[in-house]
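Asks: Here is my input, please return the structure:
(one chain, ligands or ions: 1)
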Amino acid sequence: MQHVNFPVTPATQSRLEQVDFDNLGFGSIFCDHMFSMDYENGSWHSPQIISYQALAIEPGVAMLHYGQTVFDGYKAFRGEDGQARIFRPERNAQRLYDSCQRLCIPIMPADELRDIMIQATRQLIELDHAWMPAQWGHSLYVRPLIIATEATLEVRAANSYRFIIMTSPVGGYFTNLKKGVSLRVEDRFTRAASIGGLGAAKTAANYAASLLPGSQSRAQGFDQVLWLDSNEHRYVEEVGAMNIFFKIAGKVVTPPLGGSILPGVVRDSALVLLKDWGVTVEERPIAIDEVIAAFRSGELEEVFGAGTAAVICPVASIGYQDEVFTVANVPPGELTLRLYNELTGIQYGKLEDIHAWNVCLPLPATQT
Ligand SMILES: *Cc1c(COP(=O)(O)O)cnc(C)c1O
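Replies: Model (predicted):
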């Protein structure tokens, strides 16, 4: 990988002192600096690191009206050995590239995008290293974002874009690991079209589509929505920020990547580890009826979600139509816990990184 340093205009004053590291939550605090790059007249230019700041955007900007925007998300972890580890950022770069293709955003070649993202992430971590939480379970969340910036109300791909990478210190999900989450199966609305839609892209529209069912689920006491396919509302898709896994009679089943679900990096990592361990894994369509039948016959052993935010998250219960099925998975089931421990062990540098997933960089010592 090339190591060009991007020019830096440092923040005049750090906001670090205002941060309460004991109550980080998820994604509401942003570090002092961000990466920024523009696209105009057919080329990407002016990569730089500047202070985290408001964007000046005209109300007529296409992105605000028609949603031509993509994002991604990955984490960096502070190890006890004084190293930061960025988990599989090249996968996120490839996915951001793929999302750009679907949203008609004229991104640079995939290998250039990968190098820029990794280099920008390294520089942001170095500059804002004091923002990187040290507590187990906490991490630095990295959020790349690309938005169309041309002011036009015509429905077509824009001629100008901005690419931003921001970082945010985030808290852990220990309570989720002990408590698990409750899911409500959505059998009326859909997140993404089964064929030919946007489901595999990390783009605003998919999350906009999920807001109403999400708030209805919370009003009914559930944490999150379990989505079904848009054709028949029969096959399980995913959880909207996590991919879903079922352990049924000793085998692990997860829906296949068919274009309607997000190809999760944690999903892929879990599949690699399960195969390493000799666990039988099936990537195939799984009907919600099969899940319920397995529950009734006592064969539904574990259910868990996989995604960057929560890493591996046990599912405690599933609400479907008028019933709530309590999965025997609290505290986390054996395989759920093993995956959580292995993945976090690799991410924090406590376990051997046999698949070379981490991009490492040394950190100066800090107080946090
Ligand atoms: C980001 C995301 C996931 C999880 O992907 P990871 O790369 O594992 O974080 C799953 N589903 C949706 C809809 C997502 O946006």
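
Asks: What residues are bridge-paired with Val142?
Replies: Per DSSP bridges, residues listed as beta-bridge partners of Val142: Tyr74, Thr167.

Asks: shift numbering so it begins at 57
Replies: Got it, the first residue is 57 from now on, which makes the last one we talked about Val198.

Asks: So what's the residue count around the residue in the stretch 57-206 of the chain that the ligand sits nearest to?
Replies: Per C-beta to the nearest ligand atom, Gly129 is where the stretch 57-206 of the chain lies closest to the ligand, at 5.7 Å. No exception for glycine: its C-beta is placed from N, CA and C like everyone else's. Other residues near Gly129 come to 20 when the count uses other C-beta atoms under 10 Å.

Asks: And for Glu114?
Replies: Glu114 - counted by other C-beta under 10 Å - has 10 other residues nearby.

Asks: One more: Asp324?
Replies: 15.

Asks: Mind giving me the packing neighbours of whichever strand or helix holds it?
Replies: Using DSSP states H and E, Asp324 sits in helix 321-332. When contacts are defined as 3 or more C-beta pairs under 8 Å, 6 or more residues apart in numbering; DSSP states H and E, helix 321-332 sits against helix 145-158, strand 299-304, strand 307-310, strand 337-339, strand 356-363, strand 367-376, helix 390-403.

Asks: Would you mind giving the ones you listed as JSON lines with mean neighbour count added?
Replies: Converted to JSON lines, the helices and strands packed on helix 321-332 look like this (neighbours: other C-beta atoms under 10 Å):
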{"stretch": "helix 145-158", "mean neighbour count": "21"}
{"stretch": "strand 299-304", "mean neighbour count": "24"}
{"stretch": "strand 307-310", "mean neighbour count": "20"}
{"stretch": "strand 337-339", "mean neighbour count": "15"}
{"stretch": "strand 356-363", "mean neighbour count": "25"}
{"stretch": "strand 367-376", "mean neighbour count": "24"}
{"stretch": "helix 390-403", "mean neighbour count": "19"}
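
Asks: Can I get these in a markdown table including mean pLDDT and distance to Pro63?
Replies: Below are the helices and strands packed on helix 321-332 laid out as a markdown table (pLDDT from 0 to 100; distance: least, C-beta to C-beta, whole Å):
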| stretch | mean pLDDT | distance to Pro63 |
| --- | --- | --- |
| helix 145-158 | 98 | 21 |
| strand 299-304 | 98 | 38 |
| strand 307-310 | 98 | 43 |
| strand 337-339 | 98 | 44 |
| strand 356-363 | 96 | 34 |
| strand 367-376 | 95 | 35 |
| helix 390-403 | 96 | 31 |
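
Asks: Quick one, which of these gets closest to Pro189.
Replies: Proximity to Pro189, assessed across the helices and strands packed on helix 321-332 by C-beta to C-beta, is greatest for helix 390-403 (12.9 Å).

Asks: before we move on, back to that, so what's the residue of the stretch 57-206 of the chain closest to the ligand up against?
Replies: By C-beta atoms under 8 Å, 6 or more residues apart in numbering, the residues touching Gly129 are 148, 197-200, 258, 364-365.

Asks: Switch the helices and strands packed on helix 321-332 over to a markdown table; also include distance to the ligand.
Replies: Below are the helices and strands packed on helix 321-332 laid out as a markdown table (distance: least, C-beta to the nearest ligand atom, whole Å):
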| stretch | distance to the ligand |
| --- | --- |
| helix 145-158 | 7 |
| strand 299-304 | 5 |
| strand 307-310 | 12 |
| strand 337-339 | 15 |
| strand 356-363 | 4 |
| strand 367-376 | 9 |
| helix 390-403 | 10 |
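
Asks: Ala110: which of the ones you listed is closest?
Replies: Closest among the helices and strands packed on helix 321-332, once you apply C-beta to C-beta, is helix 145-158, at 23.0 Å.

Asks: how about the helices in the protein?
Replies: Assigned by DSSP state H, the helices in the chain fall at 118-122, 145-158, 166-183, 230-235, 260-275, 321-332, 344-352, 390-403.

Asks: This completes my enquiry, with thanks.
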